[in-house]
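J.: Below: sequence and its predicted model.
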Amino acid sequence: MLELNIKKKLGDVNIDVAFSAGAKGVTAVFGQSGAGKTSVINMIAGLITPDEGFIRFNGKPLFDASQKINVPVHKRAVGYVFQDARLFPNMNVKRNLMYGSGRSSGHAIAHGMDDVCSLLGIGHLLDRMPSRLSGGEKQRVAIGRALLSNPDMLLMDEPLASLDRNRRHELLDYISVVSRDFDIPIIYVTHAVEEIVKLAGNMALMENGRLKKFGGAVDILNDLNISSGYEGRDFGVICEGSVTSYNPETELAVISFGGGSVEVSSAPVEPGSGVRFKINAIDVVLCASKPPATSVRNIYSGPILDVVERSNHFSDVLMDIGVPLWARVSGQSLRDLSIKRGKNIYALVKSAVISAGMVINPPE
């Protein structure tokens, strides 16, 4: 477990952060530019020295101001993947991967060169120089180099920021596999919600150098969306569930979740996989009574918990279907359906407009 309680003045920003990350899995550090995210992981790595507080890993201090302990960078057994790959330009991929691989963190090496190359799909690149690699390939090599240093933890500082959308999606899949197959904690800095939804179990929300909130990633993202994201078309709710079946002909997955089951357009996914998916408020249609036969496959019912008027033109309606569900309706519809708190109502959600399920926990 990683525990930190640190303070540091950097220019006009006062960093003040305290949280604990589990022994494995991904903890996201999220916030806008200038929030202090990178400074936090640089202090974990030992690249910046805090002014106050402590950083402990599995009970052992990496930094403790009161005890005057500050373990050097090279003795912290930390793998670091930067925003830019920072490969050595005069070394081919194999030599880049081998750099630092002799370091021992005090535990047995679980994955060797062949394992890491297979995991990241870089075995065919070993003889290439960095100048002949794409951006996504460079980042995969950088991740491999960090893993081969046999780290106790992995720090990743916005590793997808410089990539295009297709390469980001590709690398997200690789990072997801790393988080599953390596029994170490990953501290992942990002300002992209999509990356957190795909990867993170927990998240630290930072603002102006301070920790604003820490906890389950889905809970915090849903709260953040409700408090600040309602103007956008992507306002809605993130849900978690388990795949019960997948039809490759229709490319539809059936997911069991707190609201029952839902059909989701998806790439191939194994039954039993844990997934997350998002339902946008604009994609939910409300009915005052049970709808007749319809092409919509996802129909739910439950009481209205709240009605939030956003403007004269529309309101957001929160209902309980076993999990919270938001629907966006016009002012006229609000009046026509007599929508108010406590009333039971039906919600229709088209599978075609639900974001594809993101695998967070494939079956063993």
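T.: Thanks, I have it.

J.: so how far is Asn166 from the residue most central in space within the chain?
T.: In the chain, the C-alpha nearest the mean C-alpha coordinate belongs to Ile196, at 1.6 Å (Cα atoms, centre = their mean). Noted for Ile196: a distance of 19 Å to Asn166, by Cβ to Cβ, to the nearest Å. Where C-beta positions appear, they are placed from N, C-alpha and C, glycine not excepted.

J.: repeat for Asp152
T.: Relative to Asn166, and taking Cβ to Cβ, Asp152 is found at 33 Å.

J.: Have a look at those two and say which one is more surrounded.
T.: Shown here are Asp152 and Asn166; by other Cβ atoms under 10 Å, Asp152 has more neighbours (19 against 9).

J.: so Leu224 sits in a strand?
T.: No. Secondary structure of Leu224 (DSSP: H, G, I helix; E, B strand; the rest coil): helix, not part of a strand.

J.: and it, what does it touch?
T.: By Cβ atoms under 8 Å, 6 or more residues apart in numbering, the contact set of Leu224 is Leu205.

J.: Start at 6, not 1
T.: OK, 6 is where the count begins now, so the last one is Leu229.

J.: For Gly39, see how far away it is.
T.: Noted for Leu229: a distance of 18 Å to Gly39, by Cβ to Cβ.

J.: do Gln337 as well
T.: From Gln337 to Gly39 the distance is 42 Å (Cβ to Cβ).

J.: higher neighbour count, those two?
T.: Neighbour count, other Cβ under 10 Å: between Gln337 and Gly39, Gly39 has more, with 14 against 10.

J.: Contacts for whichever strand or helix holds the residue nearest to the centre of the chain next, please.
T.: Ile201 belongs to helix 198-204 when assigned by DSSP states H and E. Helix 198-204 has contacts (Cβ under 8 Å, 6+ apart) with 31, 33, 35, 165, 173, 177, 180-181, 184, 191, 193, 195, 208, 222-223, 226, 243, 281, 283, 363, 365.

J.: what does stretch 129-143 give?
T.: By Cβ under 8 Å, 6+ apart, the surrounding residues in contact with stretch 129-143 are 90, 92-94, 96-99, 101-102, 122, 127, 146, 167-169, 172, 175-176.

J.: Going by neighbour count, which of those are buried?
T.: 90, 92, 97-99, 101-102, 122, 127, 146, 168, 172, 175-176 (16 or more other Cβ atoms under 10 Å).

J.: can you tell me which of these are in helices?
T.: Judged by DSSP state H, these include Val98, Lys99, Asn101, Leu102, Cys122, Val146, Arg172, Glu175, Leu176 as members of helices.

J.: Which one of those is nearest to Val45?
T.: Val45 lies nearest to Leu176 out of those, by Cβ to Cβ, at 22.2 Å.

J.: who are the neighbours in contact with that closest one?
T.: Contacts of Leu176 by Cβ under 8 Å, 6+ apart are Gly141, Gln144, Arg145, Pro164, Leu165, Leu168.

J.: how about 6 Å then?
T.: The neighbours of Leu176, taking Cβ atoms under 6 Å, 6 or more residues apart in numbering as the test, are Gly141, Gln144, Leu165.

J.: Kindly reformat those as TSV containing distance to Asn317.
T.: Listed next are these as TSV, based on distance: Cβ to Cβ, whole Å:
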residue	distance to Asn317
Gly141	47
Gln144	47
Leu165	40
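
J.: now stretch 177-193, how far from the centre of its chain.
T.: Here stretch 177-193 is found 11 Å from its chain centre; the criterion is Cα atoms, centre = their mean, to the nearest Å.

J.: Would you indicate which residues of it are buried?
T.: For stretch 177-193, the buried set under the neighbour-count rule, 16+ other Cβ under 10 Å, comprises 177, 179-181, 183-185, 187, 189-193.

J.: Which of those residues fall within helices?
T.: Checked against DSSP H, the buried residues of stretch 177-193 include these in helices: Leu177, Tyr179, Ile180, Ser181, Val183, Ser184, Arg185.

J.: Need the pLDDT of the closest residue in space to the second one that isn't next to it in sequence.
T.: Pointing back at Tyr179 there. The shortest distance from Tyr179 to any non-neighbouring residue, by Cβ to Cβ, 6 or more residues apart in numbering, is to Leu125 (5.6 Å). We have a pLDDT of 89 for Leu125.

J.: Next, count neighbours for Leu125.
T.: Leu125 has 23 nearby residues by other Cβ under 10 Å.

J.: That one and Ala147 touch, don't they?
T.: No. Using Cβ atoms under 6 Å, Leu125 is not in contact with Ala147, being 9.9 Å away.

J.: so Leu353 is in which element?
T.: Using DSSP H and E, Leu353 falls within strand 349-354.

J.: which helices and strands does that strand pack with?
T.: Other helices and strands packing on strand 349-354, by 3 or more Cβ pairs under 6 Å, 6 or more residues apart in numbering; DSSP states H and E, are strand 289-292, strand 303-314.
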